[in-house]
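**Student:** can you look at this prediction? I've put the sequence above it.
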Amino acid sequence: MKDMNCLSDELVQRWIDKELSSGEAVELKAHLQTCAECRYRVQEQEQLATKLKQLIAGPAQTGSSIPPFIYPVEPATRKKKKLTNWLRVAAVMLPLLLLLKIFTNKEEVYQPTREQQLMYESFSDMDANSAFQERLMVTTSTNQEGELLDIEIQ
């Protein structure tokens, strides 16, 4: 169990980093002689610090170097990717929409209006140019709604 007089983590780290004053160092050594738990903590932290220093110093001793950091993406490349993604989506959606339009489009049967039927019946026996050549006059009668009621050829 940790005693109130045991060493703090900060004090242990300062000891390992050799940042203690001579008076603090004497007090810490005296405490380590009487407290086995703190002695174990200091030894454990010293071993960890030694391993870290070896790892950091490792690549420099073997001659390997850390490669320089290179910014991997340029802004122009990003915009191209976004554009290609939209093109892919459009390439998939366009044929699907066309197929949907083709298969859901009901074939409409042509139904002429009453006016169109009257015009057809009146002129079905004439040539398209004959009305102009014979100087015929066509008179139509409509109601207030604009619907064709009668066609008269003169």
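**Tutor:** Received the coordinates, thanks. Numbering: from 1, shown residues only.
**Student:** so this structure: which segments form each domain?
**Tutor:** 9-62, 114-153 (automatic domain parsing).
**Student:** out of those, which gets nearest to residue 101?
**Tutor:** Proximity to residue 101 (C-beta to C-beta) singles out domain 114-153 among the domains of the chain, at 28.0 Å. Every residue, glycine included, has its C-beta placed from N, CA and C.
**Student:** what's the single longest helix in the protein?
**Tutor:** Under DSSP state H, the helix in the chain containing the largest number of residues is helix 75-104.
**Student:** picking that back up, go through the domains of the chain and find the least confident stretch.
**Tutor:** The stretch with the lowest average pLDDT out of the domains of the chain is domain 114-153, scoring a mean of 71.
**Student:** just the C-alphas of the next helix or strand after the longest helix of the chain, formatted as CSV.
**Tutor:** Along the chain past helix 75-104, the next helix or strand (assigned with DSSP states H and E) turns out to be helix 114-123. C-alpha atoms of helix 114-123 as CSV (Å, rounded to 0.1, in the frame of the first residue of the first chain):
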residue,chain,number,x,y,z
ARG,A,114,-64.6,16.7,-82.3
GLU,A,115,-63.2,19.7,-84.2
GLN,A,116,-60.6,17.6,-85.9
GLN,A,117,-63.2,15.0,-86.8
LEU,A,118,-65.4,17.6,-88.4
MET,A,119,-62.5,19.1,-90.4
TYR,A,120,-61.5,15.6,-91.6
GLU,A,121,-65.1,14.7,-92.6
SER,A,122,-65.5,18.1,-94.5
PHE,A,123,-62.3,17.9,-96.4
